[in-house]
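**Q** no sequence on this one, just coordinates:
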């Protein structure tokens, strides 16, 4: 059952992403030759008026094949014959729809939850150490220089900031709003949580709940969408700079395993995982790497600046090399995930 839920989540994310490209292409008058969900051998296909719709064996991706996308075409509706700004919209639409999906699911989560956490401190647990500097009623604005949008941002910064342990406590810099004024607190200390693995910081305060109404739900969902997007981007930066290593990367097998574990809990946890994965897919596709939407956008940006497109064969080579690298990385990571199962 957990495996089925994971596959359904993957398929939903892929369909939403490709629908973004598809409808943007149609809106810009681009001829779409094929709309495919999945990769590899074709399981099912149907020919529409001008577009072939197909379902393929491996649910690890999909594509929208547009006329003139990877080579020159004289068709007036070809992708390469459309204005640069329209092609930019088509390329970015997939990632945009992934992020919109995350936003919509967050609205559902907050609409059905008992309460929505704010960033205003409401009180402290027993044996708290942060109450020596923080006060009830403080609205957290920044932690270690990073803007705080949501309650999740606070937890993320506490667990991922590079801080040293001094006298058994971790010291953070908080910028809070107190009695209408901004106050900088450079000595907020937290103890380590002895009930879990070493290195996890014990957040020893509670926050107030936000009053639920349509406006607060939508605004909180929007802020959490920004928060998750930024968190994923910061994780990519940490990966490049060496904060995280190869063992911290998961491929489709690892994600399926994680989704399966979450699916044993409850629906809100599954929806939260869906939010994280779909926004992750959107942000990842925006990275300026060959073969990704972000890489294709870079070529369009270069074309916009120099007022002349790069030769399709040259761009094709770059994307092909990037695609080979990404598939190679996926194979290696998948092999690692399979080994970890045993």
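**A** That came through, no problem. Note that the coordinates shown come from a computational prediction; the quantities given were computed from them, not determined experimentally. Residues are numbered from 1 along each chain as shown.
**Q** Which residue ranges of the stretch 101-250 of the chain form helices?
**A** 151-160, 214-240 (DSSP state H, counting those that start in this stretch).
**Q** and the first one, which residues are buried?
**A** Right, helix 151-160. 151, 152, 153, 154, 156, 157, 158, 160 (16 or more other CB atoms under 10 Å). Backbone N, C-alpha and C define where each C-beta goes, glycine included.
**Q** export the residues you listed to CSV and tack on pLDDT and distance to residue 182?
**A** CSV is the format used below for the buried residues of helix 151-160 (pLDDT from 0 to 100; distance: CB to CB, whole Å):
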residue, pLDDT, distance to residue 182
151, 91, 20
152, 89, 22
153, 92, 17
154, 92, 17
156, 86, 22
157, 87, 18
158, 85, 20
160, 78, 24
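**Q** Next, the most centrally placed residue in the chain: phi, psi?
**A** When CA atoms, centre = their mean is applied to the chain, the residue found nearest the centroid is residue 280 (2.2 Å). As for residue 280, its main-chain torsions (degrees, to the nearest 10) stand at phi -60, psi -50.
**Q** can you tell me how far it sits from residue 240?
**A** 16 Å (CB to CB, to the nearest Å).
**Q** The residue of the chain positioned farthest from its centre is in what secondary structure piece?
**A** Centroid-distance maximum for the chain: residue 74 at 37.3 Å, with CA atoms, centre = their mean. Under DSSP states H and E, no helix or strand contains residue 74.
**Q** So for it, what's the pLDDT?
**A** On the pLDDT scale, residue 74 is placed at 84.
**Q** What distance do you get for the residue nearest to the centre of the chain to residue 99?
**A** 10 Å.
**Q** returning to what we had before: list the residues that contact the closest residue to the residue nearest to the centre of the chain other than its chain neighbours.
**A** Using CB to CB, 6 or more residues apart in numbering and skipping the chain neighbours, the partner closest in space to residue 280 is residue 232 (5.2 Å). Contact analysis of residue 232 by CB atoms under 8 Å, 6 or more residues apart in numbering lists 276, 279, 280, 283, 284.
**Q** Dump the residues you listed into TSV; add secondary structure, distance to residue 68 and pLDDT as well.
**A** What follows is these, written out as TSV (DSSP: H, G, I helix; E, B strand; the rest coil; distance: CB to CB, whole Å; pLDDT from 0 to 100):
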residue	secondary structure	distance to residue 68	pLDDT
276	helix	35	90
279	helix	31	94
280	helix	30	91
283	helix	28	93
284	helix	26	90
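**Q** Most neighbours among those residues, which one is it?
**A** Among the contacts of residue 232, the one with the most neighbours (other CB atoms under 10 Å) is residue 279, at 28 neighbours.
**Q** Wait, that one touches residue 230, no?
**A** No. Using CB atoms under 8 Å, residue 279 is not in contact with residue 230; the gap is 10.0 Å.
**Q** returning to that earlier point: which one of the helices of the stretch 101-250 of the chain lies closest to residue 18?
**A** The closest of these to residue 18 is helix 214-240. By CB to CB, the value is 20.2 Å.
**Q** chain center to that closest one, what's the gap?
**A** 8 Å (CA atoms, centre = their mean, to the nearest Å).
**Q** quick one, that helix and helix 151-160 angle?
**A** Interaxial angle, helix 214-240 versus helix 151-160 (axes from the mean of the first three to the mean of the last three CA atoms, to 10 degrees): 20 degrees.
**Q** what's the average pLDDT for helix 214-240?
**A** 89.
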